[in-house]
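*Asks:* Kindly generate the corresponding structure for this input.
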Amino acid sequence: MTSQSAKITILVDNEAGAGLATEHGFALWLETADKRILFDVGQGATLLENARILGINPLAADCIALSHGHYDHSGGLAVLLQQDRTFEVYCHPGAVNPRYSIRNHTAKPLQMPRAAMTALDRFPQERVHWVQRPVMLAENVGLTGPILRETIFEDPGGPFYLDQAGVRPDPIDDDLALWVRTGEGLVVCLGCGHAGLINTLEQAQRQNEGMPIRAVIGGFHLQNADQRRLEQTIEALRRIAPELIIPCHCTGEDAVFALRAAFGQRCRPGAAGMTCVFDQPGPERAAPRALA
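*Replies:* Residues are numbered from 1 along each chain as shown. Below you'll find the model as predicted:
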């Protein structure tokens, strides 16, 4: 693997390849020449077994980075941090806030599970990094830090609140994304994209002198998007022109259908077990395939 290559494997997703388990959650594994990174950890029920089947040991990660604090991206922290105390952990301070989704006057807790919070609290604090600005994780890998909300058509994607009464809207300002520089451009990884897919891609480009987007992978949280937002998102994606779009997790069936209609083979829905290697020019080298 060259210094500008990256291998990304989806470990947890709502969809999965043969022999792998699904859950409502997301986690991916990134390997570069000098770093092994676990980006999000799912709810925790399927991470370790899926990884074992795929021949990956999450306990060998150099660091864990959380996109945000929702339970379906952070729950797996409990089992990981209890087994290994050498990780470097990166997340925004807001990742541990109480938060809720309120529908039909019913509040559903979304926050990081208590076991994960306890494990994080008991973890060596010198290894916990509270991210409030862009951070480099390796020579060619970075976290965006909090993402600027500049588009007029993107929002957090749901009825999210910081209290059970629904008085304090939750902007999910702990939302972070991970980017990787490769020889062909940036690969941008999102957990849910609560800051907005386009806001996220533009921030990653600003932090990399306008480098083109080679691929975008992850949850785009368009499952509640209306037709106008979908159309404006697709219009903006045409301008940004990523070569490969891999929607996962919370993107939503209607949004995936619209993305595939707009971008054809450049849009390839993700699933646990999918792996991509980005190293040589040409889209055929980044084609996702299932690992045996």
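*Asks:* Looks like L190 contacts L222 (just checking).
*Replies:* No: contact criterion C-beta atoms under 8 Å: L190 and L222 do not qualify, at 11.2 Å. Placement of C-beta: from N, CA and C, glycine included.
*Asks:* Common neighbours of those two, please.
*Replies:* Common neighbours of L190 and L222 (criterion: C-beta atoms under 8 Å, 6 or more residues apart in numbering): L197.
*Asks:* Comparing the two, which residue is more hemmed in?
*Replies:* Taking neighbours as other C-beta atoms under 10 Å, L190 and L222 compare with L190 leading, 35 against 24.
*Asks:* The residue nearest to that one when sequence neighbours are not counted: what's it in contact with?
*Replies:* Closest residue to L190 apart from its sequence neighbours, by C-beta to C-beta, 6 or more residues apart in numbering: G218 at 3.5 Å. Contacts of G218 were listed using C-beta under 8 Å, 6+ apart, and they are 26, 28, 67, 177, 189-193, 246-249, 270.
*Asks:* Counting neighbours, which of those comes out on top?
*Replies:* Within the contacts of G218, L190 tops the neighbour count with 35 neighbours, counted by other C-beta under 10 Å.
*Asks:* among the helices and strands of this structure, which one scores worst on average pLDDT?
*Replies:* Lowest by mean pLDDT, DSSP states H and E among the helices and strands of the chain is strand 289-290, with a mean of 38.
*Asks:* Am I right that R260 is in contact with D254?
*Replies:* No: applying C-beta under 8 Å, one finds R260 not in contact with D254, separated by 11.0 Å.
*Asks:* Go through this protein and flag its longest helix.
*Replies:* Counting residues, the longest helix in the chain under DSSP state H turns out to be helix 227-240.
*Asks:* Next, the buried residues of the helix or strand hosting L259.
*Replies:* Secondary structure assigned from DSSP states H and E places L259 in helix 253-263. Residues of helix 253-263 classed as buried: A255, V256, A258, L259, R260, A262, F263 (neighbour count, 16 or more other C-beta atoms under 10 Å).
*Asks:* Let me know the closest of the residues you listed to Q227.
*Replies:* Q227 lies nearest to A258 out of the buried residues of helix 253-263, by C-beta to C-beta, at 8.6 Å.
*Asks:* Identify the residues contacting the closest residue to the closest one other than its chain neighbours.
*Replies:* Leaving aside its sequence neighbours, A258 sits nearest to L230 (C-beta to C-beta, 6+ apart; 5.0 Å). Going by C-beta under 8 Å, 6+ apart, L230 touches L222, D254, A255, A258.
*Asks:* any idea of the pLDDT on L230?
*Replies:* Looking at L230, its pLDDT is 97.
*Asks:* where does the chain dip in pLDDT?
*Replies:* Scanning the chain for pLDDT under 70 picks out the ranges 1-4, 280-292.
*Asks:* R133: neighbouring residues, count only.
*Replies:* 8.
*Asks:* show me the contacts for it.
*Replies:* Residues near R133 by C-beta under 8 Å, 6+ apart: G145, P146.
*Asks:* I figured A65 hits A95, correct?
*Replies:* No: with contact defined as C-beta under 8 Å, A65 does not count as touching A95 (10.7 Å).
*Asks:* excluding its backbone neighbours, what's nearest the residue most central in space within the chain?
*Replies:* The centre of the chain sits closest to G191, judged by C-alpha atoms, centre = their mean, with a distance of 2.2 Å. What sits nearest to G191 in space, not counting adjacent residues and going by C-beta to C-beta, 6+ apart, is S67, at 2.5 Å.
*Asks:* cool, and V135?
*Replies:* That would be L143: by C-beta to C-beta, 6+ apart, it lies 4.6 Å from V135.
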